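K.L.:
pasting the sequence and the predicted model now:
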Amino acid sequence: MREREIADRLEIGELLARYAYAVDTGDWERLDLVFTPDAVIDYTSAGGIRGTRDEARRWLAEVLPTWPGRQHLIGAMSVRFDGDEAAVTASFTDTLSPSRDMVAADAAGLIRGGGWYHHRLVRTMYGWRSRELIEEQTWRTVQ
């Protein structure tokens with residue numbers, strides 16, 4: 001790998017971590033550092049919406065406070081570069097808890113799931129940004 005590709009991969013990994021942190025903490029403004037203004041975000045495989053960055057931000061802000069204990073883990077990442085664009089697929093697991101306090105593993109309202117995030121990224125003057133995210137949820141457990 002060349003130095004630029006290594007640097008790009010590190011920056012893309014940071015972008016994915018920024019996304020997880022924004023969703024888990026409810027720092028919705030941070031999504032501006034993840035997505036382009038015209039991005040399309042598709043959560044339909046998990047029962048959510050498909051919409052613009054701002055529509056997705058509003059939807060997340062409305063739905064996720066039901067689960068104040070949230071954690072996303074993003075793992076195995078595959079990147080395919082094409083000039084100043086990149087196709088990125090990364091595995092994820094998430095846990096949504098009805099409380100930030102300790103709860104039993106079988107507590108009502110506890111949701112665990114996982115699957116793949118598929119991003120279409122573009123290099124901008126501010127660094128890599130996602131212009132499209134498709135969540136492919138492949139499993140979910142609910143208590």
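P.N.:
That came in fine, so what should we check first?
K.L.:
scan this structure for its longest helix.
P.N.:
If you go by DSSP state H, the chain has its longest helix at helix 3-25.
K.L.:
quick one: buried residues of it?
P.N.:
Using 16 or more other CB atoms under 10 Å as the test for burial, helix 3-25 gives 8, 9, 12, 15, 16, 19, 20, 22, 23, 24. All C-beta spots, glycine's among them, are computed from the backbone N, C-alpha and C.
K.L.:
remind me which residues of this protein are low pLDDT?
P.N.:
For the chain, no stretch is flagged by pLDDT under 70.
K.L.:
mind listing what's buried in stretch 86-101?
P.N.:
For stretch 86-101, by 16+ other CB under 10 Å, it's 86, 88, 90, 91, 92, 94, 95, 96, 97, 98.
K.L.:
so the first one touches residue 118, yeah?
P.N.:
In other words, residue 86. No - counting by CB atoms under 8 Å, residue 86 does not reach residue 118; the two are 11.5 Å apart.
K.L.:
sorry, back to before: send over the longest helix of the chain as CSV, restricted to the C-alpha atoms.
P.N.:
Output of helix 3-25 as CSV, limited to C-alpha atoms (Å, rounded to 0.1, in the frame of the first residue of the first chain):
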residue,chain,number,x,y,z
GLU,A,3,1.3,6.2,2.0
ARG,A,4,-1.8,8.0,0.7
GLU,A,5,-3.9,4.8,0.7
ILE,A,6,-2.8,4.1,4.3
ALA,A,7,-3.7,7.6,5.3
ASP,A,8,-7.1,7.3,3.6
ARG,A,9,-7.8,4.0,5.3
LEU,A,10,-7.0,5.5,8.7
GLU,A,11,-9.2,8.6,8.0
ILE,A,12,-12.1,6.3,6.8
GLY,A,13,-11.8,4.3,10.0
GLU,A,14,-12.0,7.5,12.0
LEU,A,15,-15.1,8.5,10.0
LEU,A,16,-16.8,5.3,10.9
ALA,A,17,-15.9,5.7,14.6
ARG,A,18,-17.3,9.3,14.4
TYR,A,19,-20.6,7.9,13.1
ALA,A,20,-20.8,5.4,15.9
TYR,A,21,-20.0,8.0,18.5
ALA,A,22,-22.6,10.5,17.2
VAL,A,23,-25.4,7.8,17.2
ASP,A,24,-24.4,6.4,20.6
THR,A,25,-24.1,9.8,22.4
